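Trainee: can't give you the sequence, but here's the structure:
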């Protein structure tokens, strides 16, 4: 299961499929693709596991199935390294 | 309003050697003290039109540029900067005193003025539209900036863009425009009437000279400008003149990378920069022909694109 | 320090309402002294706490708001850094005892209000040093001071690992196993300090089960005293003495605090630093110390002649390091105290060698 790191407000701006996001916990700023932002946004209602996220985001991300789940898992690992999400 | 030009030279020298010259640059009051005669002359020439504040007011930054004592002064004369007894930088040859002043005026702002988002960028205005030119060294920014100034654009700053968090406007900080190496000759040739400081060789950036800021720009230093464009310039010999859009999220990160204090401002820095990028067209600009470059910028100012 | 010759910054630290009498040049001077003493954010906090911010004229008020921005960011960075440290040391099953600035900040103490610092200091048992160092390295911290001499200086002669700097964040952690080196003349037992440590809440999002702690109130005061009066360098003398003042102000009212302070100092072999700390806090900041405590701690002090000499030396060293506050004697006074500081921490043979070496390796940054 994954959740947003407590304290993250997801202050961000999106332009043309890319986004910048302010990391409230680390004080850093990240350049993310819109899909990563969608994952983070979906986790506001979380915690969820990768399969649930895939189901919720299939329409938005215009993809589906096992491929989407592993894509989302990769994304979560990358986001965890940035202190944006954590396993729980 | 009293300006440096209105002070007789002996009076200027006396203030510099004594309690200090209270020099206003944009929003800041600097107390400058020095015993270096060539620096006094440089200030007289390049800061002639700048306001001098009366004593008894608040001073934002204190700068002492002095000849260090000791045997060394007879062998290789130097100038050293100290701020309240702290000497954070190595002394430089006394011939570099004026460039040292310019660098230190920037340094003071970049270290402390966290009421602004500070971007390492030139910013100029025409037809009510301000264009911000962030650029790492070597991009030709200073030549382009000096040329735009010579061409009639209002100078807000050549190195240090101040963005106000409260309203997103750019606060002017007009100061002499720095020119390095080849660009000195280019600007002299393009604008024979321009007033330049003497060239100083052997600095860490090569040969350096300064273009005096236009009196009209200094007079409007209290008038903020509305940012309309962020342009990343790149001089490339032989290149055709091209202005091309940059994705805004990328532009955001590039500007953050070129900021003196973006990390220090935290969330407010993020929001200020986001608002700036939102409000501006973001472009890269390649050029080799200065005349064409100026024309393209004029179009940008007139038409907004 | 007599009242009218007291530096402006000290006057204001003693009595923040003094700012109401300042003209604009006075404000310029106050801010400059505060900057040199690294106490700008403290000044801001004091003015805020005294409801004086609204009375500050616009121009200096602007500077105070610039300072606020830096202070807010610093606080955020500290919380995050402590969180990262807890995460790295999770699994070692030992409490992480914060020292000095980081302790004041994370425990929400008065002494933490506006207190800037650049490193996080922690105290761990000596036996756990290798495991702690290893865990930190695995999580992105790298040792500094690669010079073999400096490595020995820290590990063998001092009481800490060489400072470790995080490769991404750039923040530095100082891992101590004692508060004075084994080679020093005084021997406060670190096991006693650790046994008395007080747990505090970890920051949000820190791993559960990881215990964060600070020293007990007496021990925090004593550590602050020892840090101030046996360290060699006094750039932060005024700031550190103000820590002592604020700690005493916060803990003084607690039942048993004053009665237990001198006995605890004796137990930890820290009577002499406490003597100096109380003496100078009273002289500089007017810290209210009960007469009984003053009498009791007197026996921890040196004889009257030496006390007078140290008064002169410390008096000069504890002023803000601003040219206005320095006089012709300050340079030598600071030099003498630097030698003295190292005397307390290292045996004489090593002292000269270390000072000589240190002088060779301190470049100033070029432009």
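Mentor: Noted; the coordinates are in hand. Owing to the predicted nature of the structure, the values given are computational and were not obtained by experimental measurement.

Trainee: specify the local secondary structure of residue A:25.
Mentor: The three-state label for residue A:25, taken from DSSP: H, G, I helix; E, B strand; the rest coil, comes out as coil.

Trainee: which residues of chain A lie near chain C?
Mentor: A:5-7, A:25-27, A:86 (CB under 8 Å from any CB of the partner chain). In short, each C-beta sits where N, CA and C put it, glycine included.

Trainee: let's see 7 Å
Mentor: For chain A, the contact set with chain C under CB under 7 Å from any CB of the partner chain comprises A:5-7, A:25-27.

Trainee: can you name the element that comes right after the helix or strand where residue C:26 lies?
Mentor: Following DSSP states H and E, one finds residue C:26 within helix C:24-36. Note on helix C:24-36: by DSSP H and E, the next helix or strand toward the C-terminus is helix C:40-49.

Trainee: which strands and helices sit next to that following helix?
Mentor: helix C:24-36, helix C:58-89 (3 or more CB pairs under 7 Å, 6 or more residues apart in numbering or on different chains; DSSP states H and E).

Trainee: what's the closest of these to residue C:148?
Mentor: Residue C:148 lies closest, by CB to CB, to one member of the helices and strands packed on helix C:40-49: helix C:58-89, at 26.2 Å.

Trainee: what comes up buried for the closest one?
Mentor: C:59-64, C:66-89 (16 or more other CB atoms under 10 Å in any protein chain shown).

Trainee: and if you look at stretch B:298-305?
Mentor: B:298, B:300-301.

Trainee: looking at those, which is nearest chain A?
Mentor: residue B:300 (20.1 Å; CB to the nearest CB).

Trainee: hmm, stretch B:134-150 in reach of chain C?
Mentor: No. Taking CB under 7 Å from any CB as the criterion, stretch B:134-150 and chain C are apart, separated by no less than 13.6 Å.

Trainee: ends of that stretch, what's the gap?
Mentor: Stretch B:134-150 has an end-to-end distance of 19 Å (criterion: CA to CA, to the nearest Å).

Trainee: so for that stretch, mean pLDDT?
Mentor: Mean per-residue pLDDT for stretch B:134-150: 87.

Trainee: how about stretch B:286-302?
Mentor: Across stretch B:286-302, pLDDT averages out at 94.

Trainee: please apply the same query to stretch C:98-110.
Mentor: Computed over stretch C:98-110, the average pLDDT equals 96.

Trainee: what's the answer for stretch B:61-70, then?
Mentor: 85.

Trainee: over to stretch C:228-246?
Mentor: 79.

Trainee: let me see the contact set for residue C:164.
Mentor: Contact partners of residue C:164, counting by CB atoms under 7 Å, 6 or more residues apart in numbering or on different chains, are C:136, C:141-144, C:172-173.

Trainee: quick one, grab the pLDDT at the nearest residue to it once chain neighbours are set aside.
Mentor: The shortest distance from residue C:164 to any non-neighbouring residue, by CB to CB, 6 or more residues apart in numbering or on different chains, is to residue C:141 (4.1 Å). Residue C:141 carries a pLDDT value of 93.

Trainee: what about the closest residue to chain C within chain A, which SS state?
Mentor: Per CB to the nearest CB, residue A:6 is where chain A lies closest to chain C, at 4.6 Å. Secondary structure, three-state DSSP: residue A:6 is coil.

Trainee: residues near it, how many?
Mentor: Each residue near residue A:6 was counted by other CB atoms under 10 Å in any protein chain shown, and the total is 13.

Trainee: try residue C:254
Mentor: Counted with other CB under 10 Å, residue C:254 comes out at 10.

Trainee: now do the SS call for it.
Mentor: Applying three-state DSSP: residue C:254 is coil.

Trainee: so for the residue nearest to it when sequence neighbours are not counted, what's the pLDDT?
Mentor: Nearest residue to residue C:254 in three dimensions, chain neighbours excluded: residue C:217, at 6.8 Å (CB to CB, 6+ apart). As predicted, residue C:217 sits at a pLDDT of 98.

Trainee: mind listing what residue C:217 touches?
Mentor: With contacts defined as CB under 7 Å, 6+ apart, residue C:217 is in contact with C:251, C:254, C:257.

Trainee: let's see that with 10 Å instead.
Mentor: Each residue near residue C:217 by CB atoms under 10 Å, 6 or more residues apart in numbering or on different chains is listed here: C:109, C:196, C:198, C:247-248, C:250-252, C:254, C:257, C:260-261, C:264.

Trainee: and the closest residue in space to residue C:20 that isn't next to it in sequence, its phi and psi?
Mentor: Excluding its sequence neighbours, the residue lying closest to residue C:20 (CB to CB, 6+ apart) is residue C:55, at 6.1 Å. Residue C:55 adopts backbone torsions of phi -90, psi -10, taken as degrees, to the nearest 10.

Trainee: these two touch, right, residue C:55 and residue C:27?
Mentor: No. At 11.5 Å, residue C:55 does not count as touching residue C:27 under the criterion of CB atoms under 10 Å.

Trainee: those two - which one has more neighbours?
Mentor: Taking neighbours as other CB under 10 Å, residue C:55 and residue C:27 compare with residue C:27 leading, 21 against 12.

Trainee: tell me the pLDDT of the more buried one.
Mentor: The model reports residue C:27 with a pLDDT of 97.

Trainee: I'd guessed it sits against residue C:47; true?
Mentor: No. Assessed by CB under 10 Å, residue C:27 is found out of contact with residue C:47, at 11.3 Å.

Trainee: intersection of neighbour lists for those two?
Mentor: C:19, C:56, C:61, C:64.
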